[in-house]
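Colleague: Need a 3D model of the following:
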Amino acid sequence: MRLFFTLFVLSVSIGYSFAQTSTPVKKKLQAQRTTITPKIDGILDDAAWEKAPIATDFIENRPVPGRVEPKEGRTEIRILYDDHAIYVAARMYDNPDSVVHELVSRDNIGNADFIGIVFDTFLDGVNGNGFYVTAAGVQFDAKYSLIGDEDSNWNAVWESNVKIDSKGWTAEFKIPYSALRFSSKDIQNWGMNITRKRTGKNRQTFWNFVDPKVNGFINQEGILEGLQGIKAPLRLSFSPYVSTLISNYPYNTPGVKNTQVSINGGMDVKYGINQSFTLDMTLIPDFGQVQSDNRVLNLTPFEVKFDENRQFFTEGTELFNKGDLFYSKRIGSIPSYFDDSGLRANDKIIKDPREGKVLNATKISGRTSGGLGLGIFNAVTNKMYTEVEDAQGNRRTFESQPLTNYNIFVLDQSLKNNSSVSVINTNVLRQGSAYDANVSAALFNINDKHNKYFVKGAGKLSYVTADPDKNNRTGYSYDMEIGKKSGNFTFNYGQVFSDTRFDPSDMGFYTNNNFFDQSVNFSYNIYKPGKWYNKIEAWTEVEYSRRYKPGDYQSFGIFPGIFTQFKNFWSVELNGNWLAESNDFYEARNGQVYKAPESYRMAIYVNPNRAKAYNFGGNVVRIKRTLFDGVGYNFYFFQNLRLSDKFALGLDLNYAPSYNYVNWAGKQANTPIFSRYDRNTVENSMDAKYSFSNRMGINFRVRHYWSDRRNKEFYTLNSAGRLDPYTGPDLQIKDRNYNVFNIDLVYTWQFAPGSELSVTYKDAAETAEQFYPQQYGRNFEKVLSGPQNNSVSIKMLYYIDYLNLTKKKKS
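Modeller: Here you go, the predicted structure:
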């Protein structure tokens, strides 16, 4: 392995020394000031546009990189500015019958043509803000960075309008300076790129060519020159809200109401501290409109990671996600600490809130003109209490979650060549005797001047304070990666190490420590279309893992794959893996080794041309395990149907049977028990949307998940990690059968810029009883007839811009 690593570094060094890549010339557009404010109606007949310079000659990024936009489908962009805003006029030539314009909710593109402009106001090639509008008039905005790529959860308040006419379609933007951060220089140049998507032709073009062989997006921008005398306004806005929640669950328990009603109020505040930094705060937030988590039957020894759907914790968090130390679901939704020491024998739980109430959360983030990024995050969750009833019918409560304070501090210095160095600290402080946790990390990412070769890494240190049962624990971890990331051929070599005490799980997501992993990846991508394909990607990855202490082999695997997009825009991916027999130190749940069997996996994925009104696809996966001839499958099928530009349906069907699998099943007198079992998993979901306009619509989603585990034979582990038939007394380990059913129905109306009324209906049911194994229909019937948690939430949020408020008072 040392010889391999030496040769690898040598090859990178030689490649770096002889790389001769010319830096492409960036396009430039002269900014023009206007004294006439154009009317944002989508009609380009304002006199102000007549003398504005034109940005045209767009270049294709896909499917044929480098091809110049044809004259009959050309794009012409004019840009003006004044003391208050940037104005954009866009003419997209096309056959009007070919302009695709599906109506969807804000921040979604759907099946529609779009035009967008991205500004890098500090011209650092690292950060940017994008503003897009579809041919249906739907707005989409996003923040870009080398850290988090595209953050579509970022929202700004700006104006746009579109028109479809005999020449194609047009769009006008007004982007107020309050939506941007920029320096106080008297004369400024901004990075800028403009992109157009012709969905019917699956063609995307850029004003300044974005080469798919070059890593990065913002670093391939053009330049908007000569912005003079613009000043950042006071950026202060308030978004107060009021909401009500009516929920019903058949507790049918004396003293507990089946139907409960609550009225809530709070506020979001956004304040521009200066030209570079912004404060975002949410006070007494209401997350009742957030989509339900996709819960599953988890048979692994590790926690399941769920997606974050709460907007405050997803918008503008790219700095806080550095180092992979922040799992925002820890704040309120899935806290890592729960104290059940107040629970006594024979107690019956009446109320047991597992989620914490978020009292407030605050973010301060931004980047100076010198490239120094700063991020400060703080959130507080309230105490939570569990209510129980003893055998005599007496009730009491005990504190199960303390008042908790979550903090993150980040410094990120941008260097030349899109390189950076960073430090980050996360801290969790709990009131009372509960333990606290702290994690610090230092990171670096160094690129060569052509953004072609790189080396990056991180060193991390965790510290958990003592609680009544544990000593203080300090642990450390590091990761590093070196390779080539631009060009047709790319490669990388990586290492990840963790000692036995490293633990970032109080504010991050972490499954296990005590390992030393190495991996090497090679890929070759063909971006230039051939006779029958648009693009081909091929790769192979090799992974090797060892336990750190005591040192021992853990696993070895090879993961090849190939992806091809055809001329008709259908695509097929073939991938697989081979995993050698491994030493699994976690499956037994007590540190004892389990010799996990050798396995093989093959998969084929088929994806359609999604521009078609009806499209479908799916995948087939087969997994073969050598122990007991275990075999598993996954059959997934999806289809989408657009009945009109307003109405669309989607259906996802997933069936995953497995036979003669072996895993941990439970324990008998502290002895881990394994079982050979069969399992069925069925997951079906349907979604629908109806858009009344580009500001109003209904979204519907229903999901049913069923999974079982039918034990066939039980085993114990011997000292070698192999299985011996179980010969002890009768076991109390039962088969598993789990159902979850969710409905999410959401009506939204953006009745003014930044202001929204939403009405949400939710239905949730969950069962984990032993009934109807292998009978999907009976399980579905049972979960529907079981207890349902129904709720209706109404929320109104109103956006108040301080500048507009003062203007109205003066007038």
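Colleague: Could you find the closest non-adjacent residue to N405?
Modeller: L429 (4.4 Å; Cβ to Cβ, 6 or more residues apart in numbering). In short, each C-beta sits where N, CA and C put it, glycine included.
Colleague: Which helix or strand contains the one you found?
Modeller: Here L429, judged by DSSP states H and E, is contained in strand 419-430.
Colleague: low pLDDT regions in this protein?
Modeller: Scanning the chain with the threshold set as pLDDT under 70 gives 1-23, 147-148, 467-471, 770-773, 807-811.
Colleague: which ones are touching the residue nearest to N405?
Modeller: 404-405, 407, 436 (Cβ atoms under 8 Å, 6 or more residues apart in numbering).
Colleague: and of these, the nearest to S276?
Modeller: Distance ranking of the contacts of L429 against S276, using Cβ to Cβ, places N407 first at 21.3 Å.
Colleague: related to what we said a few turns ago, for the contacts of L429, which entry has the maximal number of neighbours?
Modeller: T404 (26 neighbours; other Cβ atoms under 10 Å).
Colleague: Distance check, that residue against R310.
Modeller: 17 Å (Cβ to Cβ, to the nearest Å).
Colleague: again, but for L643
Modeller: In terms of Cβ to Cβ, L643 sits 32 Å off from R310.
Colleague: More neighbours: those two, which one.
Modeller: R310 (21 against 12).
Colleague: which element is the residue lying farthest from the centre of the chain on?
Modeller: When distances are taken from the C-alpha mean of the chain, Q392 lies farthest, 48.6 Å away, according to Cα atoms, centre = their mean. Assigned by DSSP H and E, Q392 belongs to neither a helix nor a strand.
Colleague: Tell me the spacing between the residue nearest to N405 and P335.
Modeller: With Cβ to Cβ as the criterion, L429 and P335 are 13 Å apart.
Colleague: For N779, which three-state class applies?
Modeller: Under DSSP: H, G, I helix; E, B strand; the rest coil, N779 falls in the helix class.
Colleague: Thought F741 was touching it, still the case?
Modeller: No. If you go by Cβ atoms under 8 Å, N779 and F741 don't touch, sitting 10.0 Å apart.
Colleague: and the two? which has more neighbours close in?
Modeller: Set N779 next to F741 and count neighbours by other Cβ under 10 Å: N779 wins out with 25 against 21.
Colleague: Quick check: phi and psi at Q311.
Modeller: phi -60, psi -40 (degrees, to the nearest 10).
Colleague: thinking again about what came up before, shared neighbours, L429 and P335?
Modeller: Shared contacts of L429 and P335 (Cβ under 8 Å, 6+ apart): T404.
Colleague: got the end-to-end distance for stretch 409-421?
Modeller: Using Cα to Cα, to the nearest Å, the end-to-end distance of stretch 409-421 comes to 14 Å.
Colleague: centre of the chain versus that stretch, how much separation?
Modeller: How far stretch 409-421 lies from its chain's middle: 22 Å, per Cα atoms, centre = their mean, to the nearest Å.
Colleague: give the contact list for the most centrally placed residue in the chain.
Modeller: Centroid-nearest residue in the chain: D307, 6.6 Å away (criterion: Cα atoms, centre = their mean). By Cβ under 8 Å, 6+ apart, the contact set of D307 is 293-294.
Colleague: Quick one: end-to-end length of stretch 121-134, please.
Modeller: 24 Å.
Colleague: Tell me the buried residues in that stretch?
Modeller: 121-134 (16 or more other Cβ atoms under 10 Å).
Colleague: Closest one of those residues to V269?
Modeller: Proximity of the buried residues of stretch 121-134 to V269 was ranked by Cβ to Cβ; the top entry is N129 with 20.1 Å.
Colleague: so what's the nearest residue to A379 once chain neighbours are set aside bridging to?
Modeller: Distance criterion Cβ to Cβ, 6+ apart; nearest residue to A379, sequence neighbours excluded, is A361 at 3.9 Å. Beta-bridge partners for A361, by DSSP bridges, are T282, A379.
Colleague: Can you show me the helices along the stretch 301-450 of the chain?
Modeller: Here the stretch 301-450 of the chain has no helices by DSSP state H, counting those that start in this stretch.
Colleague: Which other helices and strands does the helix or strand where F491 lies contact?
Modeller: Assigned by DSSP H and E, F491 belongs to strand 489-498. Using 3 or more Cβ pairs under 8 Å, 6 or more residues apart in numbering; DSSP states H and E, the elements in contact with strand 489-498 are strand 473-484, strand 515-526.
Colleague: could I get the ones you listed as TSV with distance to V631 and mean neighbour count?
Modeller: Shown next, in TSV, are those (distance: least, Cβ to Cβ, whole Å; neighbours: other Cβ atoms under 10 Å):
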stretch	distance to V631	mean neighbour count
strand 473-484	35	18
strand 515-526	27	16
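Colleague: possible to save these as TSV with distance to G754?
Modeller: Converted to TSV, the helices and strands packed on strand 489-498 look like this (distance: least, Cβ to Cβ, whole Å):
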stretch	distance to G754
strand 473-484	40
strand 515-526	41
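Colleague: coming back round to it: relative to I284, how far out is the residue nearest to A379?
Modeller: According to Cβ to Cβ, A361 stands 10 Å off from I284.
Colleague: who has more neighbours, the two?
Modeller: Taking neighbours as other Cβ under 10 Å, A361 and I284 compare with A361 leading, 23 against 13.
Colleague: coming back round to it: the strand holding L429 pairs with which strands, parallel or anti?
Modeller: strand 404-415 (antiparallel), strand 437-447 (antiparallel).
Colleague: Just the angle for the shortest one relative to strand 473-484, thanks.
Modeller: Spelled out, that is strand 437-447. Here the directions of strand 437-447 and strand 473-484 differ by 10 degrees (axes from the mean of the first three to the mean of the last three Cα atoms, to 10 degrees).
Colleague: Give me the helices and strands touching the helix or strand just after strand 437-447, please.
Modeller: Counting by DSSP H and E, the next helix or strand C-terminal to strand 437-447 is strand 453-464. Judged by 3+ Cβ pairs under 8 Å, 6+ apart, the packing partners of strand 453-464 are helix 2-18, strand 437-447, strand 473-484.
Colleague: coming back round to it: the strand holding F491 pairs with which strands, parallel or anti?
Modeller: Sheet pairing for strand 489-498, using DSSP bridges, gives strand 473-484 (antiparallel), strand 515-526 (antiparallel).
Colleague: neighbouring contacts of the first one?
Modeller: Pointing back at strand 473-484 there. Residues contacting strand 473-484 (Cβ under 8 Å, 6+ apart): 8-9, 12, 15, 452-464, 490-503, 513, 521.
Colleague: Apply 6 Å and report the result again.
Modeller: 453, 455-464, 490-499, 501-503 (Cβ atoms under 6 Å, 6 or more residues apart in numbering).
Colleague: ditto for the last one
Modeller: When contacts are taken as Cβ under 6 Å, 6+ apart, the neighbours of strand 515-526 outside the stretch itself are 488-498, 536-546, 548.
Colleague: contacting residues for V214?
Modeller: Taking Cβ under 6 Å, 6+ apart, one finds S486 in contact with V214.
Colleague: Secondary structure class of it, three-state.
Modeller: Going by three-state DSSP: V214 is coil.
Colleague: now it: how far from R625?
Modeller: Distance, V214 to R625, using Cβ to Cβ: 42 Å.
Colleague: Ok, G375 next?
Modeller: With distances taken as Cβ to Cβ, G375 is found 45 Å from R625.
Colleague: Between those two, tell me which one has more neighbours.
Modeller: Neighbours per residue, other Cβ under 10 Å: of G375 and R625, the larger number sits with G375, 24 against 21.
Colleague: All set now, cheers.
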